[in-house]
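>>> Can you look at this prediction? I've put the sequence above it.
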Amino acid sequence: MSNFLKNFKQFFSTPASPSTGNFLKLKIKCKRCSEEINLNIRKTSDFSRVYEEDNPPSGAVFFLRKEILGNKCNNMIYVTAYFDESFNLISKEIEGGQFL
Ligand SMILES: [Zn+2]
């Protein structure tokens, strides 16, 4: 665990290369009013470490959980996504909306 934290810190102190980009872009649609919402997720700050007890998909190291409220209605949209150690998307789930 201490080794992991060390690597974790090193990882985030290293400037991301321009080719991989620092943002993950997702486009979603509200289930209730069909509003389309663009999400820009910062890889350096919006991710959390996956724990075994969360029963993550195999290979998942980080996860993202977001609550999104559009401008046109009060329907809350919940996005959960799992990533490997290189921030490659492994799986994503959505409640209250859909991915575009
Ligand atoms: Zn809506």
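Structure received.

>>> all contacts plus neighbour counts: C-alpha atoms, from now on.
Noted.

>>> now the strands for this structure?
23-30, 36-42, 48-49, 62-69, 76-83, 89-95, 97-99 (DSSP state E).

>>> Name the strands paired with the first one and say parallel or antiparallel.
Each strand pairing with strand 23-30, determined using DSSP bridges, is listed with its direction: strand 36-42 (antiparallel), strand 97-99 (antiparallel).

>>> taking those strands together, which one is wrapped up most tightly?
Mean neighbours per residue, mean count of other C-alpha atoms under 10 Å, is largest over these for strand 97-99, with a mean of 18.

>>> Quickly, which of the strands paired with strand 23-30 bottoms out on average pLDDT?
Note on the strands paired with strand 23-30: lowest mean pLDDT is at strand 36-42, with a mean of 90.

>>> what about that one, near the ion?
No. Using C-alpha under 5 Å from the ion, we find that strand 36-42 stays clear of the ion, coming within 8.5 Å at best.

>>> How far off centre is that strand?
A distance of 10 Å separates the centroid of the chain from that of strand 36-42, by C-alpha atoms, centre = their mean, to the nearest Å.

>>> Mind checking the pLDDT average for stretch 44-58?
Mean pLDDT, computed over stretch 44-58, is 83.

>>> Tell me, how many residues neighbour residue 45?
9 (other C-alpha atoms under 10 Å).

>>> And it, its phi and psi?
Dihedral pair for residue 45: phi -130, psi -20, per degrees, to the nearest 10.

>>> rewinding a little: okay if I get the strands of the chain as a markdown table plus distance to residue 56?
A markdown table is the format used below for those (distance: least, C-alpha to C-alpha, whole Å):
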| stretch | distance to residue 56 |
| --- | --- |
| strand 23-30 | 20 |
| strand 36-42 | 20 |
| strand 48-49 | 11 |
| strand 62-69 | 9 |
| strand 76-83 | 8 |
| strand 89-95 | 10 |
| strand 97-99 | 20 |
